[in-house]
Structure formats: C-alpha cells, structure tokens
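Peer 1: Dropping the sequence and predicted coords here.
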Amino acid sequence: MPISMRCLVAAAVALNVFSAHALAEPVPGGQVVVSGAVPDEASRAAILARMRELYGASAVVDRMEVTNVVAPPNWGSYMGKLLQSDLKQVHQGELQVTGTQVTLKGRVANDGLRQQVAANAANALNPTYTVTNALVVGNGGQSLLDKTLSNRVVEFELGAATLTPVGTAILDEMLEAIRQLNNPKLQVIGHTDSTGDRGANVALSLARATTVRNYLIAKGVSAASLTAVGAGPDRPANSNDTVEGRAKNRRIEFSLMN
C-alpha cells in the first residue's frame, strides 16, 4: 500500500470538518480511514465500494455515519468521480469534503503531480465545487532526483529515441543519484511537445523512456525497479506556443514510486 490516505466525507455545507482527535488518529499498516456524515446508505455503500476498489477491501476502515444531513444535488455521484486512482500517489494524505468545499492535503513526488491531482479533482466536479490544493512536494529522494536533473533536458537525436552525448552525460549523473537512494523503484516518464500527431508522439515518448530505462539497466540498475511510461504531449511543463517552451516539453522525468 503506497499511501496512508484519510478521507473525511461530509455532506452538509454547514457541517464542520470532523474534530482533530478523529483525524489525528494513527493510520496503521497503510489503512485508509473514511469518516464523516453522509445523507443515506446508498451514498455510504457507493463510497465504500469505490474506496475498496482503489485500495483493497482489507485496507479500508469505514467510520462513516448515515445522518439527517442535506447533500448538494448529485453529491454521491460526484464523490464517486472524485475518488480517482491518482489519489494513490498522495502520501500521508487527507481528502476533506464538506458540502461543496474540497481540500486535498498530503505529499506528492513533484509539482506536476501536485497540479495534476488537483486538476483532476476539479474536472470531476461541477463549478459549484471549490477545490483547495494544499498538497506539497515531498522532500528526500524525489528532491535529490529533481536537483540532479536540475531542469535539464535529456537529449535525443531529432525525432528518434537515440541518446546524444549530452543526454548520456546527464543520465550518468542521474545514475549516481539513483545509487545514492539504493536503487529505488522509479518511473521513467517520456514527454514530447504538441507538434505533430499525438499517437506518434506517445509512441516516441515511450521509446525514449525505454531507451533511458535500458541504459540504466545496462549500468547496473535493477530492471524490476524501473518502469518506462510514455506521456506524449499530454503533460506539458511549459507553453507549446514558443520554441523554448516546446524544447523544455521534450523531456524525461524520473518519479519515485512507493
């Protein structure tokens, strides 16, 4: 279980967030505690089913209460959409929902993921909901990887998945950082700009991530610890409207997995 996530689910706009003693209880063994006031048994059952689908039945602790509270329209349906799989990438996390007020707390691996989780939450809801992004980028291993990469781009030959000498030199530096972390589990994520066909870009980004993965494996990193992912143009870090922005979007990222 990569995350300890405490979800506070509440249905009435006027209902206070549960008391500190309830939220401050330790969450042993990676359990996920779901607590709060819901308007009916159907909502409770739907939320529990979704949480168990995400985290496994044995990991979910149900502390919800069915009470006489007034929920916003279609509240139960929106809660099902809000509980998305990317929440599993939030560590020591907390999701608070009070009526139409949503707050996300916890640690994430990088700022891109921080923005992605909040954006996905907002997109799952209608405009009457407000999402407060209180997620923070975690320190430690991910910070070392990000600092080593230092906003540089792992270079490849134009339109290909062949590393340039500059790209190889950067990977050799990343290799030392990975060794300092005792070969942790990593996602190697390839990205492209938005120029050209999206399908071709996704394929190229995966091919480049795979090249990086294979290079690190050849240097002694465990194959089981590395996963290659191709994101194509779907997660730009900069504007695609400028030459400089597109160049920065053609990148490799290293994301710690837990």
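Peer 2: In hand now; what should we look at? Numbering: from 1, shown residues only.
Peer 1: Output the below-cut-off pLDDT ranges for the chain.
Peer 2: Residue ranges of the chain with pLDDT under 70: 1-31, 92, 109, 138-140, 258.
Peer 1: Domains in it, by residue range?
Peer 2: Domains of the chain are assigned by automatic domain parsing as 5-137, 141-256.
Peer 1: Export the ones you listed as a markdown table, with columns for mean neighbour count.
Peer 2: Backbone N, C-alpha and C define where each C-beta goes, glycine included. Putting those into a markdown table (neighbours: other Cβ atoms under 10 Å) gives the following:
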| stretch | mean neighbour count |
| --- | --- |
| domain 5-137 | 17 |
| domain 141-256 | 17 |
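Peer 1: and the residue of the chain most remote from its centre, backbone torsions?
Peer 2: Most distant from the centre of the chain: residue 68, at 34.6 Å, with distances by Cα atoms, centre = their mean. Per-residue torsions, residue 68: phi -90, psi 70 (degrees, to the nearest 10).
Peer 1: From residue 76, how far out is it?
Peer 2: Look at residue 68 and residue 76: by Cβ to Cβ, to the nearest Å, they are 16 Å apart.
Peer 1: Residue 210 too?
Peer 2: With Cβ to Cβ as the criterion, residue 210 and residue 76 are 42 Å apart.
Peer 1: Please apply the same query to residue 70.
Peer 2: 13 Å.
Peer 1: intersection of neighbour lists for the two?
Peer 2: Here residue 70 and residue 76 share the contacting residues residue 39, scored by Cβ atoms under 8 Å, 6 or more residues apart in numbering.
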